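Student: Compute the structure for the input listed below.
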Amino acid sequence: EQEEQDPIMRCEPRLAEFLGTTAVREKDAMAMVLEYLKANVLFDPKDYAYVVQDDKLRALMGEDRSRYKVKKLARRVHKLLEPLSEEEHITMLAEASMAA
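Tutor: Reported below is the predicted structural model:
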């Protein structure tokens, strides 16, 4: 049931490059982005609702701006995810079980 509520999604190329993976659950994608922002001290110290942009974030967002609202970043991450086809999902599960 948990899997149906938060299915594994395919990452569009920009997001895949940023995350280093081609498929991920949506909540995990945003968690990975937030981890990157924290690790690279990209939250605007004057207003934590914003992040400042570095080259990697610029490539993800596809825009050249000095900073972004975190909500806009979350919407962009959501738009860069697509549902896996049934065949892709089955293949991914088979690969995961073989690796375990």
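Student: doesn't residue 47 fall inside a strand?
Tutor: No - counting by DSSP: H, G, I helix; E, B strand; the rest coil, residue 47 is located in no strand; its state is coil.
Student: now it: how far from residue 71?
Tutor: For residue 47, the distance to residue 71 equals 12 Å [CB to CB, to the nearest Å]. Placement of C-beta: from N, CA and C, glycine included.
Student: Likewise for residue 36?
Tutor: 17 Å.
Student: Between the two, which is the more surrounded one?
Tutor: Legend: neighbour count by other CB atoms under 10 Å for residue 36 and residue 71, higher for residue 36 (17 against 10).
Student: Let me know the secondary structure of the more buried one.
Tutor: Residue 36 ends up helix, using three-state DSSP.
Student: can you give me the helices for the protein?
Tutor: 2-5, 13-19, 26-39, 55-61, 70-79, 86-99 (DSSP state H).
Student: for the chain, which spans come out with low pLDDT?
Tutor: 1-4, 100 (pLDDT under 70).
Student: Now the residue nearest the centre of the chain: closest residue in space, sequence neighbours ignored.
Tutor: In the chain, the residue lying closest to the centroid (CA atoms, centre = their mean) is residue 29, at 3.4 Å. Excluding the flanking residues, the one nearest residue 29 by CB to CB, 6 or more residues apart in numbering is residue 77, at 5.5 Å.
Student: wouldn't that neighbour be in contact with residue 30 here?
Tutor: Yes - with contact defined as CB atoms under 8 Å, residue 77 counts as touching residue 30 (5.5 Å).
Student: quick one, which of the two is more surrounded?
Tutor: Neighbour count, other CB under 10 Å: between residue 77 and residue 30, residue 77 has more, with 23 against 17.
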